[in-house]
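Enquirer: Provide a 3D model corresponding to the input given below.
(chains A and B)
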Amino acid sequence: MGRPTLVVWACGGLSEALRVLNEEFERSARCRILFTGAATGYLADSLAHRYRGQVDVFVMRTATQRPLYLKKAKKLAWFKLFCASEYVVITPKSNPARIRSIKDLARPGVKVAFSPKAATPESKCILEIVEAAGIKGGFLKNVVKSTDCPRKFLGDVVAGRVHAAIVEKRLACLPHVKGKVKVIPIPLEIAFKGKKCKIKSPFSAALITLTKQPQLAKRYIHFLLRSETARKVMEEYGFVHVKSPRMRQFKRYLAIAKEALVGEVVREFVRTV
Amino acid sequence: MRNEVRGAVRASTRKLLIVRALRILVQLGALLLFGKWTLIGLVYCPFAIPFVSCRSCPVLECPGRWLQPFAGWAILGTGALGGRIFCGWLCPVGLAGDVMRKLPQLDLLKTARRRFASRALSLLKFSALAFALLLIFALDNPRIQGAMRTGLLRWDTFRLWLAFTSTVAKARLLVFALGIGAMLVASRIWCRALCPLGALLGLLGKASLFGLSVDRGRCDLCSLCRRVCPTDAMPEEVDCIACFECLPQCPKGAISFRLGWRKVFKAPPRR
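Expert: You can find the predicted model right below:
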């Protein structure tokens, strides 16, 4: 008998962190994980309409619309909140423009990088954030580096060719960027004021009805949601894990379906009682 | 006298066999190093021109992320050293071309009547190079598709990719597939007509440190070297991939291997 195989699909943004966790789980559960990381939209559409092969777990961006849609299409058994993405301002390590808060990005003379044609979390969400901060006009005026993918300007920030950029924190935690940029947090009431940010920031882990290894899949999801290893790794890669104390604050702002939190609500209730 | 000439020819043929075996070994080694990168780059690279923007690339499984910063410069370095020696000795697509050449093939561009077509196609790769440089430097090598990040060498991932990738990315794969597949009917046609890297290395090779050279005084333009050449080229031409196949074949002994401007090896005339 060979080792059982678990098929895991995940949002591309989680790939770096999940690869580490998958290796850990493969060791502990003595199984093999076939991992596909790609845009959540591609994978969800494929699950809903085309794909008939084995998929056991789907870790996707959003914890509302998409999983509920998949559930309605009877492709998803249940889903739980896994982690959330956080938006930050990054500057070169030396911070030559002396950026202290998001408001400084609209100051005349500050060179800013932005990816207007990238995917929603990296383009429209950032526009929502600068709008919520009341600096949209000044921010767009200061854009000196406009790319179709935020990864393209990370090198420019590290090298100091641009003074600042707004990115998901996970990008500031990539190996070639980590420690080489200064990370300035954005207040949550600004970061999650817009609808798109509320929807796109949380990630959920779901058990798929096409599963051939339901027990192993549940064990895997439990490992992602409950283990200390998962919390540490996700935080190391710039995410706020569901077990992280900061998640309580985040939950107030994020769009999360109730059923993704049911376990949490029950636990909270039991704790209170 | 005749025996001496025969002996010299035999010795140079032996050297060719050694060079051939060495080339196959080097190509297989390069396949191990560059094979996965080439395959993933041709299919999944999210950028319009693959193998260039690897530092900004989210495709986790692609070895280009760690390989390209070194290999990119090294490949350009081989151009300055030996022209298209990368194409002849290291490129996995070139290896595929060499394998296809060993299959019984209908070489459409080899006959004399079609030589003109062969030359015209050879010029096409400079247009491909100009187009590639335009995309890289003027348009910052735009993204043409979403990134599949892991599980890339699995069939189910490829099917997912086919279902959701952009038309431009599919068109690019079609061009690669047709160009590489066409090597079955025309030897190394991808390398001769379409490869922008080959065009760049060929241009660098014009001032390369070593390579094959031809003595114009001795050469009687019999074109035997062209006939044995996988890219239908004479030494010193842009398409010469330094495979050394022509070296012992020249009936006049006009082809030699040069290091700098000094001829270090010259095969005897083959009669």
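Enquirer: The longest strand along chain A: how far from the chain's middle?
Expert: In chain A, taking DSSP state E as the definition, the longest strand is strand A:76-85. Distance, stretch centre to chain centre, for strand A:76-85: 11 Å (C-alpha atoms, centre = their mean, to the nearest Å).
Enquirer: ok, now stretch A:71-79?
Expert: The chain centroid and the centroid of stretch A:71-79 are separated by 21 Å under C-alpha atoms, centre = their mean.
Enquirer: Ends of it, what's the gap?
Expert: Taking C-alpha to C-alpha, to the nearest Å, stretch A:71-79 runs 9 Å from one end to the other.
Enquirer: repeat for stretch B:50-67
Expert: End-to-end distance for stretch B:50-67, by C-alpha to C-alpha: 13 Å.
Enquirer: Same check on stretch A:41-50?
Expert: Distance across stretch A:41-50, first residue to last, is 13 Å (C-alpha to C-alpha).
Enquirer: same question for it, mean pLDDT?
Expert: Confidence over stretch A:41-50 (mean pLDDT, whole number) is 88.
Enquirer: For that stretch, buried residues please.
Expert: By neighbour count with 16 or more other C-beta atoms under 10 Å in any protein chain shown, stretch A:41-50 contains the buried residues A:41-48. Heads up, the C-betas are built off the backbone N, CA and C, glycines and all.
Enquirer: Identify all contacting residues around that stretch.
Expert: Outside stretch A:41-50, the residues that touch it by C-beta atoms under 8 Å, 6 or more residues apart in numbering or on different chains are A:9-11, A:36, A:55, A:58, A:60, A:66, A:69-70, A:73, A:75-76, A:208, A:210, B:146, B:160, B:163-164.
Enquirer: just to confirm, which helix or strand has B:W37 in it?
Expert: helix B:2-44 (DSSP states H and E).
Enquirer: Please see if the very next helix or strand once past that helix touches chain A.
Expert: Once helix B:2-44 ends, the next helix or strand along the chain (criterion: DSSP H and E) is helix B:64-82. No: Helix B:64-82 lies apart from chain A when judged by C-beta under 8 Å from any C-beta of the partner chain; the minimum separation is 9.3 Å.
Enquirer: Work out which residue lies at the spatial centre of chain B.
Expert: By C-alpha atoms, centre = their mean, the mean C-alpha position of chain B lies nearest to B:C87, the distance being 2.8 Å.
Enquirer: Now for residue 209: which residues touch it?
Expert: Defaulting to chain A. By C-beta under 8 Å, 6+ apart, the contact set of A:T209 is A:74-77.
Enquirer: The intended chain is chain B.
Expert: For B:L209, the contact set (C-beta under 8 Å, 6+ apart) comprises B:80-82, B:259-260.
Enquirer: Could you report the pLDDT at it?
Expert: Looking at B:L209, its pLDDT is 88.
Enquirer: now B:R115
Expert: Note on B:R115: pLDDT of 66.
Enquirer: Can you pull the poorly scored residue ranges out of chain A?
Expert: Applying pLDDT under 70 to chain A flags residues A:1, A:262-273.
Enquirer: hey, where'd the helices end up in it?
Expert: Ranges of helices in chain A, per DSSP state H, are A:15-29, A:40-45, A:65-72, A:124-132, A:136-141, A:151-159, A:169-172, A:188-191, A:195-200, A:214-226, A:228-236, A:246-251, A:258-272.
Enquirer: any residue of the fourth one up close to chain B?
Expert: Okay, so that is helix A:124-132. No: judged by C-beta under 8 Å from any C-beta, helix A:124-132 and chain B are separated, with a smallest distance of 15.9 Å.
Enquirer: Give me the distance between A:F35 and B:L178.
Expert: Taking C-beta to C-beta, to the nearest Å as the measure, A:F35 falls 32 Å from B:L178.
Enquirer: out of these two, which sits in the more crowded spot?
Expert: Between A:F35 and B:L178, counted using other C-beta atoms under 10 Å in any protein chain shown, the more crowded position is A:F35 (26 against 12).
Enquirer: Now for that one: which residues touch it?
Expert: A:8, A:10, A:15, A:18-19, A:22, B:150-151.
Enquirer: same question, A:V177
Expert: Residues in contact with A:V177 (C-beta under 8 Å, 6+ apart) are A:90, A:154, A:157-158, A:171.
Enquirer: Between these, which sits nearest chain B?
Expert: Of all the contacts of A:V177, chain B sits closest to A:L154, with 7.3 Å by C-beta to the nearest C-beta.
Enquirer: In contact with the closest one, which residues?
Expert: With contact set as C-beta under 8 Å, 6+ apart, A:L154 has these partners: A:167, A:171, A:174, A:176-177, B:56.
Enquirer: can you check B:L103 too?
Expert: Counting by C-beta under 8 Å, 6+ apart, B:L103 touches B:L184.
Enquirer: Need the pLDDT of it.
Expert: Reading off the model, B:L103 has pLDDT 81.
Enquirer: likewise B:A30?
Expert: You'll see B:A30 listed with a pLDDT of 95.
Enquirer: who touches it in this structure?
Expert: Neighbour list for B:A30: B:89-92, B:95 [criterion: C-beta under 8 Å, 6+ apart].
Enquirer: Restricted to strands, list these.
Expert: Among those, no residue falls in strands (DSSP E).
Enquirer: Most neighbours among those residues, which one?
Expert: Within these, most neighbours by other C-beta under 10 Å means B:C91, with 27 neighbours.
Enquirer: my guess is A:A172 meets A:I90, correct?
Expert: Yes: the criterion here is C-beta atoms under 8 Å, and A:A172 meets it with A:I90 at 5.1 Å.
Enquirer: check contacts around B:K36.
Expert: B:K36 touches B:62-63, B:153, counting by C-beta under 8 Å, 6+ apart.
Enquirer: Kindly recompute the last result at 6 Å.
Expert: B:K36 makes contacts with B:P63, as judged by C-beta atoms under 6 Å, 6 or more residues apart in numbering or on different chains.
Enquirer: For it, report the pLDDT, please.
Expert: 95.
Enquirer: what's the spacing between it and B:C62?
Expert: 8 Å.
Enquirer: and if you look at B:I144?
Expert: Going from B:I144 to B:C62 by C-beta to C-beta gives 16 Å.
Enquirer: More neighbours: which of those two?
Expert: In terms of neighbours (other C-beta under 10 Å), B:C62 is the more surrounded of B:I144 and B:C62; the figures are 26 against 20.
Enquirer: How about the more buried one: what's its closest non-neighbour residue?
Expert: B:I40 (4.5 Å; C-beta to C-beta, 6 or more residues apart in numbering or on different chains).
Enquirer: so the nearest residue to B:F126 once chain neighbours are set aside is in which element?
Expert: Spatial nearest neighbour of B:F126, excluding adjacent residues (C-beta to C-beta, 6+ apart): B:A199 at 5.2 Å. Using DSSP H and E, B:A199 sits in helix B:196-204.
Enquirer: Show me what the following helix or strand past that helix is packed against.
Expert: Heading C-terminal from helix B:196-204, the first helix or strand you meet, by DSSP H and E, is strand B:210-214. For strand B:210-214, the helices and strands in contact under the criterion 3 or more C-beta pairs under 6 Å, 6 or more residues apart in numbering or on different chains; DSSP states H and E are strand B:255-259.
Enquirer: avg pLDDT for the strand it packs on?
Expert: Average pLDDT, strand B:255-259: 86.
Enquirer: quick one, it and strand B:210-214 angle?
Expert: Relative orientation of strand B:255-259 versus strand B:210-214 (axes from the mean of the first three to the mean of the last three C-alpha atoms, to 10 degrees): 150 degrees.
Enquirer: any idea how far strand B:255-259 is from the chain center?
Expert: Relative to its parent chain, strand B:255-259 has a centroid offset of 20 Å by C-alpha atoms, centre = their mean.
Enquirer: now do stretch B:174-192
Expert: Computed by C-alpha atoms, centre = their mean, the chain-centroid distance of stretch B:174-192 equals 11 Å.
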